[in-house]
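> Need the 3D shape of this:
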Amino acid sequence: MQIRWPWLRSIRGLYFVKAIVGGVDQEKSQFNRATQAFRQPGSAFKPFVYYTAFASGKYTPESTVDDSPVSYPDGDKIYSPRNYDGSFRGPMPIRTALALSRNIPAIKLGQAVSISKVVEVCRTLGIESPIEPVTSLPLGSVDLTPLEMASAYATFANNGWQSDTTMIVRVTDRSGRLLLDNTPKPQLVLDPWAAASLNSA
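The predicted structure follows:
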């Protein structure tokens, strides 16, 4: 079965769900994998770390981060993250590290800005699922729903403007009388420069 992410149409900070595919046969299962299934986002989580770094005011897309071996204590063990290809490329601009989806730079930036700050950004973006502030969090070691990820990415795409993800905008009766109005009210929740920097990286 192919799991597809919700498709959000974003217009000036308004998020309208145009399509959602959560399963293949409702009669066999009512479990909606788009809104109820928890999956590890993996490298798709890295933009949360890079945005946090830009928002700290200490980094820009051209700031240098070192893609070199590193180890951290992890309980009674040592955590030594690796890049997917097993190589290390040395110093590089953050822009390049993000474009190449390098693991070590994301881990190092997560430690530099603090994992707790990254979690705060996730909460600002509307992610409500439990998040443990572990060293490997920048690599997506957390369980989130596809809808949470799609909604958070929509805020990045709108340079920091956010509104509730809306499936039903309005309901009227046959005479046109308004019964329900869920028209979103966008708010600027992210630093515009940091969000623009992430989008340009």
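> Just the local confidence number for residue 10, please.
Reported pLDDT at residue 10 in the predicted model: 48.
> Residue 105 too?
Value for residue 105, per-residue pLDDT: 98.
> Can you give me the distance of it to residue 171?
Residue 105 sits 48 Å away from residue 171, taking Cβ to Cβ, to the nearest Å as the criterion. C-betas here are computed from N, CA, C, even on glycine.
> check which helix or strand covers residue 199.
If you go by DSSP states H and E, residue 199 is part of helix 192-200.
> Look at the nearest residue to residue 37 once chain neighbours are set aside and report its pLDDT.
Distance criterion Cβ to Cβ, 6 or more residues apart in numbering; nearest residue to residue 37, sequence neighbours excluded, is residue 145 at 6.4 Å. We have a pLDDT of 94 for residue 145.
> residues in contact with the helix holding residue 199?
47, 50-51, 54-55, 60-61, 95, 155-157, 159-160 (Cβ atoms under 8 Å, 6 or more residues apart in numbering).
> Drop anything exposed from the residues you listed.
With burial judged by 16 or more other Cβ atoms under 10 Å, the buried subset of those is 47, 50-51, 54-55, 61, 95, 155-156, 159-160.
> Turn those into JSON lines, columns for secondary structure.
Formatted as JSON lines, the buried ones among the contacts of helix 192-200 follow (DSSP: H, G, I helix; E, B strand; the rest coil):
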{"residue": "47", "secondary structure": "helix"}
{"residue": "50", "secondary structure": "helix"}
{"residue": "51", "secondary structure": "helix"}
{"residue": "54", "secondary structure": "helix"}
{"residue": "55", "secondary structure": "helix"}
{"residue": "61", "secondary structure": "coil"}
{"residue": "95", "secondary structure": "helix"}
{"residue": "155", "secondary structure": "helix"}
{"residue": "156", "secondary structure": "helix"}
{"residue": "159", "secondary structure": "coil"}
{"residue": "160", "secondary structure": "coil"}
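> Cool, thanks, signing off.
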